[in-house]
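**Student:** here is a sequence together with a model predicted from it:
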Amino acid sequence: MLAVALFCTAAPVGAFAREFRTADTQNEDYPTVQALNYMDRLIAERTGGRHRIVVFHSRQLGEEKETLEQTRAGAIDLNRTNVALIGTMVPSVNVLAMPFLFRSLEHLQHVLDGPIGSDILNSFEAHGFVGLTFYDSGARSIYNSVRPVRSLDDLKGMRLRVQQSEQMSDMMRALGAEPVAMPYGQVLTGLANRLIDGAENNWPSFVTTGHYKYAGYYTLTRHTVSPDVLVMSQKAWASLSPEDQMIFREAALRSSLYMREKWRELEERSLKQAEQAGVKIVTDIDRKPFEAAMAGLYAKAERDPAVAALIERIRNME
Ligand code: GTR
C-alpha cells in the first residue's frame with residue numbers, strides 16, 4: 001500500500017531536478033538496474049522531484065574497473081558493482097568475495113543486514129567512496145565449454161575468465177585452472193572465439209549475457225557468494241544536505257530488499273532457461289578439495305590483521 005501511495009503522489013520531474021549519473025554493467029531488465037530505477041522513484045517522491053538518479057545500464061559508462069575509478073574521482077555519482085571489483089580498492093570488502101567463507105545464503109544475508117555489513121559499508125569512506133547498500137546476488141559457480149567439471153583434476157589447464165581482481169585470479173590458480181582476468185563485456189566474445197574455455201558467475205549473469213550458449217557445462221561449485229554493492233562518490237555525497245543523505249540511504253536500503261525479490265524470480269527462470277537450452281548442470285561434486293585448495297588464499301588475506309579479524313567475525317556469526 002505504501003508503494004502504491006508513493007507512486008500516486010510521485011512528484012513530476014521538475015525542470016531543476018538534479019540528476020545523479022549511475023553506472024551499472026548489467027542490462028536494462030536486470031534486478032540491480034530495476035532496483036536502481038525503484039530507488040530513483042523513491043528519491044523523486046521524497047525530495048519532491050529535486051533529485052533523480054539516472055541509470056546508465058549495459059556498461060554505457062564503461063566497464064566496472066574504469067567506472068569505479070571515475071566514481072572515486074567524482075566524475076560518476078553512483079556505481080553498482082560487484083564486491084570483487086571494489087575489493088581491490090577497499091580491503092575489508094574483499095572479504096565478502098572470499099571463497100567458501102559463507103556457509104549459506106542465509107549466513108551471508110545475516111552478515112550483510114547486521115552490524116558487520118554496516119561496518120563494511122562505513123569502511124568505504126576511508127578509501128574514497130560512500131557505501132550505500134549491498135545487493136545479495138546468489139552463489140557463483142564455474143562454467144565451461146570443454147567438459148563436465150567434477151574434480152580439481154578436471155579444471156587442469158582450463159583457461160577461465162575471472163573478474164579484474166587479484167583475489168579472484170589467485171583463487172582460480174589455486175584451483176588449478178589458468179585465470180584470464182577480463183572485463184565482463186568481453187566474456188561473450190572470449191567464449192565465442194575460444195579465447196577462454198569458461199568463466200564463473202551466478203545463474204542470472206550466466207544466462208542474461210548469453211554465455212550459456214557457448215559454455216554447456218555448469219558445475220555447482222558455489223565457490224563465492226560475493227554480493228553486489230552500491231557506492232556513491234564522496235563529491236556527490238558531500239553536495240547533499242544531511243536530510244537528503246538520509247533519503248538516499250533509506251532509498252538504497254529499500255531498493256536492496258526490492259532487488260532480493262526480483263532476484264529470486266530471475267534466478268529460477270535463468271536456471272530453467274539454461275536447462276531447456278541443454279546446459280548440463282553438474283551437481284555431484286565434492287566441494288571439500290575445492291575448499292581445501294583455498295588455504296594459501298586465506299593465509300595471504302590474513303596477513304592484514306583487520307582482514308583476519310573480519311573473517312573471524314564472519315565465521316563466528318550464526
Ligand atoms: C556479475 C555482477 C557484475 C559483474 C559480473 C562479472 O554477477 O553483477 O557486477 O561484476 O558479475 O563477473 O564481471
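**Tutor:** Alright, I've got the coordinates. All of these numbers come straight from a predicted model, not from anything done at the bench.
**Student:** just give the closest residue to L240, not the sequence neighbours.
**Tutor:** Distances taken as CB to CB, 6 or more residues apart in numbering place F248 nearest to L240, at 6.5 Å, with adjacent residues excluded. (Each C-beta comes from the backbone N, C-alpha and C, glycine too.)
**Student:** so what's the one you found up against?
**Tutor:** F248 is in contact with 43, 132, 232, 240, counting by CB atoms under 8 Å, 6 or more residues apart in numbering.
**Student:** 10 Å instead?
**Tutor:** If you count contacts by CB atoms under 10 Å, 6 or more residues apart in numbering, F248 has them with 20, 39, 42-43, 46-47, 51, 53, 78, 130, 132-133, 230, 232, 236-237, 240.
**Student:** so it is in which element?
**Tutor:** For F248, the host element (DSSP states H and E) is helix 242-276.
**Student:** partners of the helix or strand just after that helix in the sheet?
**Tutor:** The first helix or strand that comes after helix 242-276 along the chain, using DSSP H and E, is strand 280-282. Taking DSSP bridges as the criterion, strand 280-282 sits next to strand 217-224 (parallel) in its sheet.
**Student:** quick one: the strand it pairs with to helix 242-276, angle?
**Tutor:** 150 degrees (axes from the mean of the first three to the mean of the last three CA atoms, to 10 degrees).
**Student:** endpoints of stretch 67-79, how far apart?
**Tutor:** End-to-end distance of stretch 67-79: 7 Å, with CA to CA, to the nearest Å as the criterion.
**Student:** give the buried residues for that stretch.
**Tutor:** Counting neighbours by 16 or more other CB atoms under 10 Å, one finds that the buried residues in stretch 67-79 are 67-68, 70-72, 76-79.
**Student:** in the stretch 201-318 of the chain, which residue sits nearest the ligand?
**Tutor:** Closest residue of the stretch 201-318 of the chain to the ligand, CB to the nearest ligand atom: S205 (4.0 Å).
**Student:** among the buried residues of stretch 67-79, which lie within helices?
**Tutor:** When helices are assigned by DSSP state H, the members of those inside them are 67-68, 70-72.
**Student:** for this protein, where's the lowest mean pLDDT among helices and strands?
**Tutor:** Confidence across the helices and strands of the chain bottoms out at helix 2-8, with a mean of 46, counting by mean pLDDT, DSSP states H and E.
**Student:** number of residues surrounding L36?
**Tutor:** By the criterion of other CB atoms under 10 Å, L36 has 28 neighbours.
**Student:** doesn't I53 make contact with it?
**Tutor:** Yes. Taking contacts as CB atoms under 10 Å, L36 lies within contact range of I53: 6.5 Å.
**Student:** need the residues touching each of the two.
**Tutor:** When contacts are counted by CB under 10 Å, 6+ apart, the set common to L36 and I53 consists of 22, 78, 251-252, 255.
**Student:** and those residues, which are buried?
**Tutor:** Buried members of the shared contacts of L36 and I53, counted by 16+ other CB under 10 Å: 22, 78, 251-252, 255.
**Student:** which residues of this structure lie near the ligand?
**Tutor:** Residues of the chain found near the ligand, taking CB under 6 Å from any ligand atom as the criterion, are 25-26, 64, 81-82, 85, 137, 163, 184, 201-202, 205, 228.
**Student:** circling back to that earlier point, put the buried members of the contacts of F248 into a ChimeraX selection.
**Tutor:** Per 16+ other CB under 10 Å, the buried members of those correspond to this ChimeraX selection:
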select :20,39,42,43,46,47,51,53,78,130,132,133,230,232,236,237,240
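**Student:** tell me how many other residues crowd the residue of the stretch 151-300 of the chain found nearest the ligand.
**Tutor:** Among the residues of the stretch 151-300 of the chain, Y184 lies closest to the ligand, at 3.4 Å counting by CB to the nearest ligand atom. The burial metric for Y184, expressed as a neighbour count using other CB under 10 Å, is 22.
**Student:** got it, and N202?
**Tutor:** Going by other CB under 10 Å, the residues that sit close to N202 add up to 22.
**Student:** likewise for the one 4 residues further on?
**Tutor:** Here the number of neighbours of F206 (other CB under 10 Å) works out to 23.
**Student:** much appreciated, bye for now.
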